[in-house]
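[1] just need the structure, nothing else, for what follows:
(one chain, ligands or ions: 1)
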Amino acid sequence: MSLSLPLTDISPLQFAVTQNPSPKSDAERAEILANPGFGLHFTDHMAQIHWSERGGWHRATIEPYAKISLDPAAAVLHYGQEIFEGLKAYRHADGSIWTFRPDQNGLRLQRSARRLALPELPLPVFLDSLKNLVRADAAWVPEGGETSLYLRPFMFAAEAFLGVRAARKVYYFVIASPAGAYFTGGVQPVSIWLSTDYARAGHGGTGAAKTGGNYAASLLPQQEAYAQGCDQVLFLQDGNLEELGGMNLVLVKKDGTLVTPASDSILEGITRDSLLQLAEERGHAVERRAVSIEEWREGAASGEIVEAFACGTAAVVNPIARLKAKDFTIELPVLPEDKSVAMSLRKELTDIQYGRIEDTHGWLYRLDAGSDDESSAK
Ligand SMILES: *Cc1c(COP(=O)(O)O)cnc(C)c1O
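    Numbers count the residues shown, from 1 in each chain. Got it, this is the predicted structure:
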């Protein structure tokens with residue numbers, strides 16, 4: 001099986017590779033990979049592509065990881081015209097390096113670009129940027145357990161101009177950061193604070209785009225969550241469930257039905273989409289529709305709703321043990337791993353990602369080998 005995109009398209013851009021003359025030593029890198037944490041350390045290289053209104057996409061490079069020099073008037077610093085993506089490179093037992101459904105990330109980057117009036121990066125160029133960076137930094141992809149190399153593509157308005165309009169000069173980058181296992185001492189269910197004073201997005205806004213501004217809007221409510229003794233914040237829109245600051249939400253009913261909010265102001269997660277597809281293939285009913293907070297309250301009280309979980313690339317699945325609101329609290333029983341639909345789906349998905357079971361969907365995409373103009377699906 002192969003990804004349903006024209007991988008045979010020859011990328012119009014060739015990446016010029018400049019090796020880092022002073023990369024981290026093997027010993028330094030080994031020390032970082034032994035305990036990488038998340039988002040703390042970065043590899044020796046980065047990918048960069050420039051865009052201008054006149055010249056389109058040009059100057060594609062892999063170069064040493066370094067500070068970016070920006071004019072203080074660069075539009076992104078003033079008006080937040082920025083988008084990003086997040087995906088992981090996984091090392092399989094045979095040493096090969098793969099990523100998961102990168103076509104979906106590339107298409108989502110294009111949708112985000114349209115909403116933020118940024119230029120769309122062609123899909124083959126997006127995939128090439130990942131491949132070229134991971135080939136330069138292959139030694140940074142950790143081995144074993146649930147470790148990975150987190151890839152962070154991002155794009156922003158680089159034009160020095162304080163007038164308010166879409167920038168005519170844009171930079172695209174990919175940086176990479178080794179990531180340790182999210183759950184070290186077994187699964188830690190999270191507690192969630194229900195934000196009723198703040199929203200992360202509104203109808204017709206940028207909620208469905210992966211843009212920094214949505215995260216900026218979530219930081220104050222996130223602080224409120226911490227002050228309430230909770231780990232994460234859940235947002236509502238018109239009394240309906242939306243999502244967490246950076247993860248989607250799924251409820252599981254007693255009869256095995258999975259219910260997830262449908263809304264024009266949430267970010268469509270690739271993790272959620274994949275988990276729900278696996279669930280449907282197992283015979284679970286899946287409902288994508290408006291879900292009110294009342295439905296969750298009543299369902300939890302009656303025993304109709306038995307599990308809730310958050311999902312996204314970083315943690316894959318986070319079971320939710322408690323939802324705390326101003327005037328009520330929902331407690332969900334913490335199911336043992338072999339009784340939890342959430343954890344069972346998590347296992348199947350990570351088994352696919354790490355190559356422990358067969359990838360029957362054509363979701364894996366090889367990053368470290370294969371000619372550039374050939375499908376590299378397994
Ligand atoms: C990235 C993101 C998600 C999760 O998306 P995945 O593709 O599953 O990683 C969910 N919500 C928001 C707001 C996000 O930015």
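[2] interface residues of the stretch 151-300 of the chain facing the ligand?
    210, 214, 243, 246-248, 267, 269-272 (CB under 6 Å from any ligand atom). Any C-beta I mention is one placed from the backbone N, CA and C, and that applies to glycine too.
[3] most surrounded residue in the residues you listed?
    Of all these, residue 243 has the most neighbours under the rule other CB atoms under 10 Å, reaching 28 neighbours.
[4] show me which of the residues of the stretch 151-300 of the chain next to the ligand has the smallest pLDDT value.
    Going through those one by one, the lowest pLDDT turns up at residue 246, 94.
[5] so where do the helices sit in this structure?
    26-34, 76-79, 102-115, 123-136, 212-227, 270-281, 293-302, 341-353 (DSSP state H).
[6] how near is residue 157 to residue 367?
    Per CB to CB, to the nearest Å, residue 157 is found 29 Å from residue 367.
[7] sorry, wrong one. I was asking about residue 152.
    Taking CB to CB, one finds residue 152 at 15 Å from residue 367.
[8] okay, the two: which has more neighbours?
    Legend: neighbour count by other CB under 10 Å for residue 152 and residue 367, higher for residue 367 (25 against 16).
[9] in this protein, where is pLDDT below threshold?
    1-11, 184-185, 370-378 (pLDDT under 70).
[10] if we go to 80?
    Across the chain, the ranges flagged by pLDDT under 80 are 1-12, 182-187, 370-378.
[11] domains of it?
    Segmentation of the chain into domains, based on automatic domain parsing, reads 16-184+356-373, 190-333.
[12] and the ones you listed: which comes nearest residue 348?
    domain 190-333 (5.4 Å; CB to CB).
[13] now do the end-to-end distance for that closest one.
    For domain 190-333, the first-to-last residue distance is 12 Å (CA to CA, to the nearest Å).
[14] and if you look at stretch 205-213?
    Rule used - CA to CA; the end-to-end distance of stretch 205-213 is 11 Å.
[15] and that stretch, how far out from the chain's middle?
    In terms of CA atoms, centre = their mean, to the nearest Å, the centre of stretch 205-213 is found 13 Å from the chain centre.
[16] ok, and the closest non-adjacent residue to the most centrally placed residue in the chain?
    The residue lying closest to the centre of the chain (CA atoms, centre = their mean) is residue 86, at 3.8 Å. Nearest residue to residue 86, sequence neighbours excluded (CB to CB, 6 or more residues apart in numbering): residue 313, at 5.2 Å.
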